[in-house]
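>>> Quick one, what's the 3D model for this:
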Amino acid sequence: DGPISVVGVAGPGDSLANEETFEFFEKMAEKHPDLIKCMSTNGLLLPKYADRLAELGVNSVTVTINAIDPDIAVDIYSFIKYESKVYKDYDAVKILIQNQLDGVEKAAANGMVVKVNSVLIPGLNDEHIVEIAKEVKKRGASLMNILPLIPLGKMKHYSRPDCSMMESVREQVEEIIPVFRACTQCRADAYGIPGKKSEDHHLGMTPQSHY
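Numbers count the residues shown, from 1 in each chain. Model (predicted):
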């Protein structure tokens with residue numbers, strides 16, 4: 001017995017690429033059916049597994065979506081590995097975007113609370129996040145979390161957004177969909193416990209801390 005009321009999975013790699021994720025939720029459903037079960041994913045495999053997650057009693061899913069325009073996404077993601085094949089550039093982002101949006105819709109249709117995380121990248125997607133908000137709202141998402149870029153690797157030439165830009169984008173998004181404001185770069189914590197960090201490696205994007 002204790003204060004734990006929520007259990008979550010956020011990796012390693014992408015949660016849905018690991019059979020252990022489903023084994024974990026199956027055990028939780030058997031032994032601790034009253035716990036809230038949540039997980040995070042890049043969304044690539046969510047359309048395939050949303051039904052299975054619902055059957056296992058997963059209550060909430062966090063999906064990281066940084067662009068729904070291929071012309072923007074191609075500057076964020078280098079590649080995806082999907083169904084045993086590596087796709088690059090526009091071939092990659094078109095599959096990723098379609099699966100992310102379909103996954104949000106399917107998870108929501110299964111009764112899960114869907115939170116969408118978006119990393120704000122100044123000069124790249126800062127004026128695009130509102131469009132993400134509109135689309136994911138239509139698909140059934142319940143809230144969004146806007147995270148600041150940490151300039152590393154492929155993104156090292158972009159600047160970190162200042163507080164003014166972050167607040168401006170959050171206010172614009174808040175006119176469309178509720179914005180999660182308690183998070184301290186904790187993409188996985190669908191129920192608002194700040195401070196968790198993890199890494200996903202299933203997509204060719206940097207920084208990994210924001211998947």
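>>> Quick one: the strands in this protein, in order.
6-9, 36-41, 60-64, 77-82, 85-88, 113-120, 143-148, 203-205 (DSSP state E).
>>> and these as JSON lines, adding mean neighbour count, mean pLDDT and distance to Val173?
Placement of C-beta: from N, CA and C, glycine included. As requested, the strands of the chain are arranged in JSON lines below (neighbours: other Cβ atoms under 10 Å; pLDDT from 0 to 100; distance: least, Cβ to Cβ, whole Å):
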{"stretch": "strand 6-9", "mean neighbour count": "18", "mean pLDDT": "88", "distance to Val173": "23"}
{"stretch": "strand 36-41", "mean neighbour count": "24", "mean pLDDT": "93", "distance to Val173": "19"}
{"stretch": "strand 60-64", "mean neighbour count": "26", "mean pLDDT": "96", "distance to Val173": "15"}
{"stretch": "strand 77-82", "mean neighbour count": "18", "mean pLDDT": "95", "distance to Val173": "22"}
{"stretch": "strand 85-88", "mean neighbour count": "13", "mean pLDDT": "97", "distance to Val173": "29"}
{"stretch": "strand 113-120", "mean neighbour count": "25", "mean pLDDT": "97", "distance to Val173": "8"}
{"stretch": "strand 143-148", "mean neighbour count": "22", "mean pLDDT": "96", "distance to Val173": "6"}
{"stretch": "strand 203-205", "mean neighbour count": "22", "mean pLDDT": "41", "distance to Val173": "21"}
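>>> for the closest residue to Val9 other than its chain neighbours, what are its contacts?
Nearest residue to Val9, sequence neighbours excluded (Cβ to Cβ, 6 or more residues apart in numbering): Met39, at 4.3 Å. Remark: with contacts taken as Cβ atoms under 8 Å, 6 or more residues apart in numbering, Met39 is in contact with 8-10, 15, 21, 25, 53, 58, 60-62, 188, 190.
>>> all helices of the protein, in order?
Here the chain has its helices, by DSSP state H, at 19-31, 46-55, 70-73, 89-109, 129-139, 163-174.
>>> what's the closest of those helices to Ile150?
Across those, Ile150 has its closest neighbour in helix 163-174 (13.1 Å, Cβ to Cβ).
>>> tell me what the closest one is packed against?
Judged by 3 or more Cβ pairs under 8 Å, 6 or more residues apart in numbering; DSSP states H and E, helix 163-174 is in contact with strand 113-120, helix 129-139, strand 143-148.
>>> what angle do it and strand 113-120 make?
Helix 163-174 and strand 113-120 are oriented at 150 degrees to each other (axes from the mean of the first three to the mean of the last three Cα atoms, to 10 degrees).
>>> neighbours around Asp69, how many?
Here the count is done by other Cβ atoms under 10 Å, and Asp69 has 13 residues near it.
>>> Could you do Asp102 as well?
By other Cβ under 10 Å, 16 other residues sit near Asp102.
>>> Leaving out the residues flanking it, which one is nearest to it?
Excluding the flanking residues, the one nearest Asp102 by Cβ to Cβ, 6+ apart is Pro47, at 4.5 Å.
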